[in-house]
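K.L.:
please work out how this folds:
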Amino acid sequence: MSTSFGEWQLDDPTDDPQDDSFKLPSDHNPSSPSDSDSASTSSYGYRSPSIRKTMRETYCDIRHEFDVWHVNKSVKKKLVNAANKKENQDLQTWLKSISNHLYWSCSSSHGDGEECVRRWKSLLHHIVGIHRWEEDGEQHTCHHAPLTDDEQRRKRWMKVDSPAYKSLKSIVLDKNLLRDLKQMALFKHTGPLEVFHSSMLKYTQKRLHFSYDAMLARTQLAVMDHNANIGKEQAKTKEGQPRFACAYSKASRQWTARPVYERGEQPFRKNMMEDTLRMRDESSIEDWPPSSPSQEETSEEHCSCPPA
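P.N.:
As a prediction, this is how the structure comes out:
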């Protein structure tokens, strides 16, 4: 088994959206994924022309969506590079807000690609302190609550003619990004799949080689471990307050508070040991691996000649 550069996640509309457990039906046929409504692609090849063409021609009944996290990562990288320039220092304070705005644009457009693009482009108005504007003969407003005079005065709004705003505008209106946003309106992401891949590394390290039986057993262990730790609650302090850990990003030069969850458990281990000991005491258990038949038995089994 090897890792691939592209990841696929098929989203079944009948599944519980809160259930991230790993499931694979016994009759699953990769060549016939027509039972799913959408497919999200991620990793390095999310803009791959070959994947686009395959989804458009071979799987035309499936709506092809892009992973929001990977697109946001690409946009954030461009923003950080632009903000690191001396003339674009005003962009530094807006990096986190711009990233959040991209997530909001995708999550609130309810599958409408054009609306997703329009909400993303509204950033260019809000960031200069304009919260009501006209576009294509229609009036539009920001979706946030009205700002007080004090809030409007304290905000570090950009200037339309500043180098920082011009750099931001070139990133926001990038034609490839606007095209991709139309395939992000369902707010799909492969986060749960990547969490499972991360848990697999504990059992199937990439630097080690495993036989087929070992790889199969270790993958099954990873699946049980992953499913046993779905939906963990956020850890709490002695006072009963939710726990957070502060992380500093060198790229954005900002601190972020991330929730700390309860430690994972493996209750299946005890059950496996009990079953192993019980099966060991049973005399009906066959040896593993099964012994290979002798050469004479094989010859007699395949001989078509009648006995003398």
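
K.L.:
show me the helices in the stretch 151-300 of the chain, by range?
P.N.:
Using DSSP state H, counting those that start in this stretch, the helices of the stretch 151-300 of the chain run over 163-172, 175-181, 191-200, 212-228, 268-281, 295-302.

K.L.:
so which of these is the most surrounded?
P.N.:
When you average the neighbours per residue for each of the helices of the stretch 151-300 of the chain (mean count of other Cβ atoms under 10 Å), helix 163-172 leads with a mean of 18. C-beta: built from backbone N, CA, C; applies to glycine.

K.L.:
closest to E65 out of the helices of the stretch 151-300 of the chain?
P.N.:
Shortest separation from E65 across the helices of the stretch 151-300 of the chain is recorded for helix 175-181, at 10.0 Å, computed as Cβ to Cβ.

K.L.:
packing partners of the closest one?
P.N.:
Counting contacts by 3 or more Cβ pairs under 8 Å, 6 or more residues apart in numbering; DSSP states H and E, helix 175-181 is packed against helix 68-83, helix 113-121.

K.L.:
export these as CSV, with columns for mean pLDDT, distance to W133 and mean neighbour count.
P.N.:
CSV is the format used below for the helices and strands packed on helix 175-181 (pLDDT from 0 to 100; distance: least, Cβ to Cβ, whole Å; neighbours: other Cβ atoms under 10 Å):
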stretch, mean pLDDT, distance to W133, mean neighbour count
helix 68-83, 91, 22, 17
helix 113-121, 94, 11, 19
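
K.L.:
include distance to A257 when you put those helices into CSV, please.
P.N.:
Shown next, in CSV, are the helices and strands packed on helix 175-181 (distance: least, Cβ to Cβ, whole Å):
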stretch, distance to A257
helix 68-83, 18
helix 113-121, 26
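
K.L.:
ok, which of those comes nearest K166?
P.N.:
Taking the helices and strands packed on helix 175-181 one by one with Cβ to Cβ, helix 68-83 is closest: 9.8 Å.

K.L.:
between the helices and strands packed on helix 175-181, which gets nearest to L201?
P.N.:
Per Cβ to Cβ, nearest to L201 of the helices and strands packed on helix 175-181: helix 68-83, 18.9 Å.

K.L.:
any low-confidence regions in this structure?
P.N.:
By pLDDT under 70, the weakly predicted segments of the chain are 1-47, 251-252, 283-308.

K.L.:
if I've got this straight, H143 is in a strand?
P.N.:
No: applying DSSP: H, G, I helix; E, B strand; the rest coil, one finds H143 to be coil, outside a strand.

K.L.:
give me the phi and psi for it.
P.N.:
phi -90, psi 0 (degrees, to the nearest 10).

K.L.:
picking that back up, and V172, which of the helices and strands packed on helix 175-181 is closest to it?
P.N.:
Judging those by Cβ to Cβ, what sits closest to V172 is helix 113-121, at 6.5 Å.

K.L.:
dump the helices of the stretch 151-300 of the chain to JSON lines, plus distance to Q89.
P.N.:
Listed next are the helices of the stretch 151-300 of the chain as JSON lines, based on distance: least, Cβ to Cβ, whole Å:
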{"stretch": "helix 163-172", "distance to Q89": "7"}
{"stretch": "helix 175-181", "distance to Q89": "23"}
{"stretch": "helix 191-200", "distance to Q89": "33"}
{"stretch": "helix 212-228", "distance to Q89": "44"}
{"stretch": "helix 268-281", "distance to Q89": "53"}
{"stretch": "helix 295-302", "distance to Q89": "79"}
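
K.L.:
what's the closest of these to P259?
P.N.:
Proximity to P259 (Cβ to Cβ) singles out helix 191-200 among the helices of the stretch 151-300 of the chain, at 14.4 Å.

K.L.:
output the contacting helices and strands for the closest one.
P.N.:
The elements that helix 191-200 packs onto, with contact taken as 3+ Cβ pairs under 8 Å, 6+ apart, are strand 6-11, helix 212-228.

K.L.:
perfect, I'm done here.
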